[in-house]
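>>> Could you look at this predicted model? Sequence included:
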Amino acid sequence: MSVLREDAVFEATSRMFAGAIDARDEKVAHDGRVMEILSEHLCQGWLEGYLLTGRHGFFSCYEAFIHIIDSMFNQHAKWLKMTREIPWRRPIASLNYLLTSHVWRQDHNGFSHQDPGFIDHVVNKKAELVRVYLPPDANCLLWVVDRCLTSRQCVNVVIAGKQPELQYLPMDEAVLHCTRGIGIWEWASTDEGREPDVVLACCGDVPTLETLAAADILRRELPGLAVRVVNVVDLMRLQPDSEHPHGLGDREFDALFTRSRPIVFAYHGYPWLIHRLTYRRTNHGNLHARGYKEEGTTTTPFDMVMRNDLDRFHLVMDVIDRVPGLGVQAAHLRQRMVDERVRCRDHTREVGDDPAHIRDWVWPHGR
C-alpha cells in the first residue's frame, strides 16, 4: 500500500505565519518556507511567476476546484504557444497540476467536491502543449512526477488520489509501462497471445481497481473467456499520432484493442471524452465507455462507483452483454452480479461502510 502525502516537507521547514505563535502550535514559524493559502487564483499566479525564474513546481489542488483557474490556464497555454514562435525565448519548466481528492474518493465532502471535467477543458488546447496522466499506482506516479518535473514548455495534468492505493507494478515494470503510456497487463489477462474475446481497458486508479476486480471474477466464473486487460497512463495515447505527438498509430492501436472485439473501457472522468479521443479508430463502434455520470453524494467509495455504474459487477455485466453468444451461457452469472450490487448497497446503508471483501480486495492470482 502506498499513499500520496506532502507532510515530509515539514521535516525541512515549517508553515510561514506572520501572527502570534502559541506554544501549542505545530509546524508554524515566522521564517517558515511553506505558504499555505486557500486561493486557487493566487496559487496559479505564484507558480507561473516561479516558473519564469527558471525553477520547477507543482500546483496541488482538489480536482473539483481547479476549474476556478480555467481562464488562467487558458492564457498560460496560449502564451506558451506563442513563445514557441519567439526564437530568443528560452523554454521554461512545464506548468504541472497535481489534482487530488478526486471524484471517486470524497468521503465526507460529497457531491459538491465531485467534478473530473478539468481534463476535458485541458485537451481542447494545442496538442503539443498538453499532457494528461492518470497513474494506476504509486510507482507509476513516481515516474509521472519525474517526467513532469523534467519537461519544458508544456502543461501537465496528473490525477492521483490522496488515499492509500494498491501497488500493482514493481518499479522496473512501472518504468516500462509508463514509458509506453499504455499497454497490456499480461499478468491480469487470459488471452495468452491469441485474439481476445473482450478487451477490458482502464484509465485512472479507481477504474483500474474495479477493472482488475472484474477480470478476477471473469477468470473464476468464465475460465474459457479470453480477456485482455489494457491500462492507460498517458490519456493522449488514445488519440491518433496525426493529432497528438503522444498518439498511437492506427496499427498499434488496433493491435492493442483489436479491430472487431468488444471493448469495455472504465475511465476516471466523463466517459464521452474517451469516445471523443477515439472516434476515428477502426473499432470505435465496439467501444463502450463507463465513467462519472454526475451521480454523487456523501457515501462510501464502492457506493460511489456503483452509483455511476463503474463497479466491478457492472463491468462483468457489460462483458456478458457485449460478447457475442455469451448472454445465454452466462445468464446465471449476470443475475448474481445484479444481486451482488443489491447486497453491497444494502450493506452500505445498514453499516455505513463497504463490505470487507470489497473494501479489502487485492489481486489474488500473484504475478
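Sure thing, it's come through.

>>> can you pull out the helices in the protein?
For the chain, applying DSSP state H gives helices covering 40-52, 70-83, 118-122, 138-149, 171-180, 205-221, 250-257, 272-278, 301-307, 312-322, 326-329, 331-351, 356-359.

>>> And the first one, what's buried?
The one in question is helix 40-52. E40, C43, Q44, L47, E48, L51 (16 or more other CB atoms under 10 Å). To be clear about C-beta, it is placed using only N, CA and C from the backbone, and glycine gets the same treatment.

>>> who wins for proximity to Q106 among the helices of the chain?
Of all the helices of the chain, the one in closest proximity to Q106, counting by CB to CB, is helix 301-307 (7.4 Å).

>>> Let's test this: mean pLDDT of stretch 53-60, rounded?
Mean pLDDT, computed over stretch 53-60, is 92.

>>> Now the terminal residues of stretch 176-193, how far apart.
Taking CA to CA, to the nearest Å, stretch 176-193 runs 19 Å from one end to the other.

>>> Any idea how far that stretch is from the middle of the chain?
Distance, stretch centre to chain centre, for stretch 176-193: 17 Å (CA atoms, centre = their mean, to the nearest Å).

>>> try stretch 81-101
On CA atoms, centre = their mean, the centre of stretch 81-101 falls 22 Å from that of its chain.

>>> buried residues in that stretch?
So for stretch 81-101, counting by 16+ other CB under 10 Å, buried means I92, A93, S94, L95, N96, Y97, L98, L99, T100, S101.

>>> just checking, which of the residues you listed belong to strands?
L95, N96, Y97, L98, L99, T100 (DSSP state E).

>>> Where does the prediction get shaky in the stretch 101-250 of the chain?
In the predicted model of the stretch 101-250 of the chain, residues 107 satisfy pLDDT under 70.

>>> mind redoing it with 90?
Applying pLDDT under 90 to the stretch 101-250 of the chain picks out residues 101, 105-113, 161-166, 193.

>>> quick revisit: output the buried residues of stretch 81-101 in CSV; the columns should cover distance to A214.
As requested, the buried residues of stretch 81-101 are exported to CSV (distance: CB to CB, whole Å):
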residue, distance to A214
I92, 43
A93, 39
S94, 35
L95, 36
N96, 32
Y97, 30
L98, 28
L99, 25
T100, 25
S101, 25
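
>>> which one of these is nearest M304?
S101 (13.0 Å).

>>> Now for the closest one: which residues touch it?
Contacts for S101 (CB atoms under 8 Å, 6 or more residues apart in numbering) come out as Y62, E63, A64, N109, H113, G161, K162.

>>> Now a PyMOL select for only the buried ones of those residues.
To isolate the buried members of the contacts of S101 in PyMOL, using 16+ other CB under 10 Å:
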select buried, resi 62+63+64+113+161+162
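
>>> Counting only strands, which of the contacts of S101 make the cut?
The strands, defined by DSSP E, take in Y62 from the contacts of S101.

>>> Quickly name whichever of the contacts of S101 is closest to F313.
Nearest member of the contacts of S101 to F313, counting by CB to CB, is G161, at 21.5 Å.

>>> The closest one touches L99, doesn't it?
No. The pair G161 / L99 is not scored as a contact, 9.7 Å apart, by CB atoms under 8 Å.
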